[in-house]
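Give me a model of this one.
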Amino acid sequence: MSQGQWLEKSGGQKKQAPSGGLKISIPKFDNSTLITGYSKTLIGRCMNPLKQEMNGLLYHLPRIWNVEERVVGADLGLGRFQFDFQEEEDIIEGLRMSHFILIIGCCLW
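Numbers count the residues shown, from 1 in each chain. Alright, predicted model coming up:
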């Protein structure tokens, strides 16, 4: 048995790690369509969702960014939101003006 198969437990006792189990193989697929579809998507979250109204955020942020007609916002639940932009320049401008928003994910491929 190799040293990598042992786990150190509290109290100095050593126990054997569980065996590998079943291996799963995932077929390869072309995800370029998915990447293209989300290439101008911004995902973020409210820092205080109990006090901040998501509908207000979805309404006001596009106006602050001056992209009202070129972005679609969605409430993802749990204080998270998503904006889908039409143009890359719009998402860059939104990111530049959103220093007060914690961005948890942004796809610019």
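
quick one: the particular helix or strand that has I43 in it to chain centroid distance?
Assigned by DSSP states H and E, I43 belongs to strand 41-45. Strand 41-45 sits 7 Å away from the centroid of its parent chain (C-alpha atoms, centre = their mean, to the nearest Å).

Listing partners with orientation, what would you give for it?
strand 80-85 (antiparallel), strand 102-107 (antiparallel) (DSSP bridges).

Just the CA atoms of it, as CSV, please.
C-alpha atoms of strand 41-45 as CSV (Å, rounded to 0.1, in the frame of the first residue of the first chain):
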residue,chain,number,x,y,z
THR,A,41,-23.3,37.6,-20.1
LEU,A,42,-22.6,39.2,-16.7
ILE,A,43,-23.6,37.4,-13.5
GLY,A,44,-23.5,39.0,-10.1
ARG,A,45,-25.1,39.1,-6.7
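
so what does the following helix or strand past that strand touch, helix or strand wise?
Next along the chain after strand 41-45, taking DSSP H and E as the criterion, comes helix 54-64. Under the contact criterion of 3 or more C-beta pairs under 8 Å, 6 or more residues apart in numbering; DSSP states H and E, helix 54-64 touches strand 71-77, strand 80-85. Where C-beta positions appear, they are placed from N, C-alpha and C, glycine not excepted.
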